[in-house]
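Engineer: No letters, just coordinates:
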């Protein structure tokens with residue numbers, strides 16, 4: 001059995017996230033939106049910081065129901081800015097509300113899941129990186145998706161954030177080849 005991807009570290013929450021969630025193809029529109037929002041909150045921080053606060057985020061953001069969050073305004077922003085359990089960044093909080101409204105538009109038009117997975121031809125890209133150093137921070141495709149979703153109105157979704165999101169939701173399999181999860185995730189390349 002190979003070693004896990006080198007970014008995992010020793011903390012149980014990180015190991016569990018790597019072993020049970022990261023890189024698994026996600027097909028649910030709302031779950032995809034939640035992960036994109038959380039990756040936006042990560043900007044400038046480490047993922048473990050967000051992961052440790054994820055339950056607080058879910059509680060503060062109505063379990064990431066975009067239909068609820070789309071109705072929010074300044075009173076909710078002010079309340080969230082007082083919440084010590086989340087990242088209290090006005091721009092990221094306001095972007096979440098904006099992004100919920102954009103999600104609604106795309107979801108109504110074609111389905112947010114369909115919109116995103118169309119970039120992949122409906123199936124994950126199976127990469128074969130040998131080392132962590134081989135894994136890019138962004139790609140031409142993440143640059144295109146970032147540009148396109150910004151045109152739709154999304155905020156905090158630059159190409160590096162989008163690529164981290166693509167990795168997390170299994171649009172790309174970026175487990176390194178010696179990681180036991182690489183082969184497991186590669187088997188999950190078809191939508192049920």
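Structural biologist: Ah, there it is. If you're wondering where the values come from, they're calculated on a predicted model, not measured in any experiment.

Engineer: what sits against residue 89?
Structural biologist: residue 41 (C-beta atoms under 8 Å, 6 or more residues apart in numbering). (Each C-beta comes from the backbone N, C-alpha and C, glycine too.)

Engineer: Tell me which residues of stretch 4-16 come out buried.
Structural biologist: Across stretch 4-16, burial judged by 16 or more other C-beta atoms under 10 Å covers 4-5, 8, 14.

Engineer: likewise stretch 71-78?
Structural biologist: 72, 76.

Engineer: Measure how far that stretch is from the centre of its chain, please.
Structural biologist: Stretch 71-78 sits 23 Å away from the centroid of its parent chain (C-alpha atoms, centre = their mean, to the nearest Å).

Engineer: For the helix or strand encompassing residue 115, give me every contacting residue.
Structural biologist: Assigned by DSSP states H and E, residue 115 belongs to helix 112-117. Residues from elsewhere that reach helix 112-117, judged by C-beta under 8 Å, 6+ apart: 27-29, 32-33, 103, 106, 109, 145, 171, 191.

Engineer: quick one on the thing from earlier: which among the buried residues of stretch 4-16 gets closest to residue 54?
Structural biologist: residue 14 (12.0 Å; C-beta to C-beta).

Engineer: Would you quantify the distance from that closest one to residue 22?
Structural biologist: Applying C-beta to C-beta, to the nearest Å, the value for residue 14 to residue 22 is 9 Å.

Engineer: before we move on, the earlier item: what helices or strands is the next helix or strand after the helix holding residue 115 leaning on?
Structural biologist: Next helix or strand after helix 112-117 toward the C-terminus (DSSP H and E): strand 125-126. Judged by 3 or more C-beta pairs under 8 Å, 6 or more residues apart in numbering; DSSP states H and E, strand 125-126 is in contact with strand 172-173.

Engineer: After the strand it packs on, which helix or strand is next?
Structural biologist: helix 180-186.

Engineer: Summarise which helices and strands that following helix is packed against.
Structural biologist: In terms of contacts (3+ C-beta pairs under 8 Å, 6+ apart), helix 180-186 is packed against strand 172-173.

Engineer: gap between the strand it packs on and the chain center?
Structural biologist: On the basis of C-alpha atoms, centre = their mean, strand 172-173 sits 13 Å off its chain's mean C-alpha point.

Engineer: Listing partners with orientation, what would you give for that strand?
Structural biologist: Strand 172-173 has the following strand partners under DSSP bridges: strand 125-126 (parallel).
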